[in-house]
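1. From the sequence below, what's the structure:
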Amino acid sequence: MNTEELDALLAELGHKPSHKDTASAPIPETEPPQEQSAPPVPVPEPPQEDEKPVENVEIQAEKMNLRERLKESMTEETALPTAEPQTSRPRKKDSRFGETLLGLFLVIFALIGVFSTVTAVVRAAKNRKSADSMEMQVADAVLPLVVMDCPMFGSTLELSDEQMLTASVWSLLTSGKINEYTEEMGYRTVPAADVEAEMCRLFFVQQMEPPQHQTIGAANDLHCYYDAESDSYRIPTEVLHYSYTPKVTKLEENLYTGINYWYAEVEYLPDQPAWQRILGTEPTIGKRVKFTLVQENQTQWRIFGTEQLS
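-> Numbers count the residues shown, from 1 in each chain. Sure thing, here's the model as predicted:
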């Protein structure tokens with residue numbers, strides 16, 4: 001580099017050339033002439049873009065390891081989206097189909113359970129209603145014998161004609177059939193044939209002979225006059241009689257016989273006036289009787305025998 005180029009460079013940097021001043025200045029005589037060279041001018045180095053301080057070897061190694069880990073994680077993340085759709089889509093479809101099928105089965109089983117429960121409840125209600133209906137039918141069938149407090153008998157053959165006719169009259173009174181006949185002077189005239197038919201309906205007798213019709217009375221409260229000329233009975237319409245009322249506590253079928261026999265346990269509850277019983281209390285049980293009955297036509301019950309239990 002020549003002097004002119006150096007001066008131009010110094011001018012750009014803001015320094016004045018010093019060689020000109022030294023050339024024109026007088027040289028002292030006492031000192032030997034010495035060559036004076038221009039002071040060293042710092043030549044600026046071209047600026048480096050990424051000049052960084054020298055780092056420690058361990059720090060550089062740690063950075064290299066971190067960069068490699070970042071590169072590996074980036075490669076894994078970029079590879080996942082391409083691999084997932086190929087393997088995950090069929091699994092999602094299969095899992096959704098399995099869940100749908102499982103839900104369908106659960107719904108079907110739930111419906112079956114609800115249907116079974118409702119059916120069981122309805123069947124139980126029908127059975128209970130049927131049992132209650134049968135108990136009411138049996139109570140109505142034995143009511144005439146309970147009211148008259150008929151003596152116990154093993155079969156209808158042991159009953160007398162008067163006892164069977166009295167039970168038949170009470171059956172007409174308790175069932176309300178007596179109201180079908182004409183009333184006159186507090187009495188209703190009932191043909192003897194109707195009383196005999198009621199007796200056949202009330203008692204189970206395979207071969208019943210015609211009874212001997214006669215004037216009958218029960219417990220000194222019921223007096224029925226038999227008129228032989230008209231072959232009819234005069235039965236009073238108003239009868240004041242306190243006796244028993246039946247309450248069926250058990251009803252079961254006897255499956256060991258060919259005939260449709262049933263056993264009914266009946267409690268005899270005293271039919272007392274209200275002033276003879278403490279208000280709000282149940283009447284005391286007079287006795288317990290086991291009735292043997294035959295069911296006919298689902299609603300018809302005929303009495304075969306009785307047995308006192310207590």
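2. Isn't residue 254 up against residue 261?
-> Yes - using Cβ atoms under 8 Å, residue 254 is in contact with residue 261, at 4.1 Å. The way it works is simple: take the backbone N, C-alpha and C, and place the C-beta from them, glycine included.
3. more neighbours, those two?
-> residue 261 (18 against 12; other Cβ atoms under 10 Å).
4. What segments of this structure are strands?
-> 183-184, 187-191, 216-218, 222-227, 232-236, 244-254, 261-270, 287-296, 300-308 (DSSP state E).
5. So what does the closest residue in space to residue 157 that isn't next to it in sequence look like in phi/psi?
-> Leaving aside its sequence neighbours, residue 157 sits nearest to residue 205 (Cβ to Cβ, 6 or more residues apart in numbering; 7.5 Å). Backbone torsions of residue 205, given as degrees, to the nearest 10, read phi -130, psi 120.
6. Could you verify my assumption that residue 205 touches residue 156?
-> Yes - Residue 205 lies in contact with residue 156 (Cβ under 8 Å); the separation is 4.9 Å.
7. Hmm, residue 270 is touching residue 247, no?
-> No - using Cβ under 8 Å as the test, residue 270 is too far from residue 247 to be in contact (11.4 Å).
8. Look up how far residue 263 lies from residue 196.
-> 28 Å (Cβ to Cβ, to the nearest Å).
9. quick one, which of these two is more surrounded?
-> Using other Cβ under 10 Å, the more surrounded residue of residue 196 and residue 263 is residue 196, with 17 against 14.
10. Pretty sure that one sits against residue 171.
-> No - with contact defined as Cβ under 8 Å, residue 196 does not count as touching residue 171 (12.0 Å).
11. Can you report how many residues lie near the residue nearest to residue 157?
-> 17.
12. distance between the ends of stretch 171-181?
-> 14 Å (Cα to Cα, to the nearest Å).
13. ditto for stretch 213-228
-> First-to-last residue span, stretch 213-228, Cα to Cα: 8 Å.
14. Where does pLDDT dip in the stretch 51-200 of the chain?
-> 51-63, 66, 70-94, 115-131 (pLDDT under 70).
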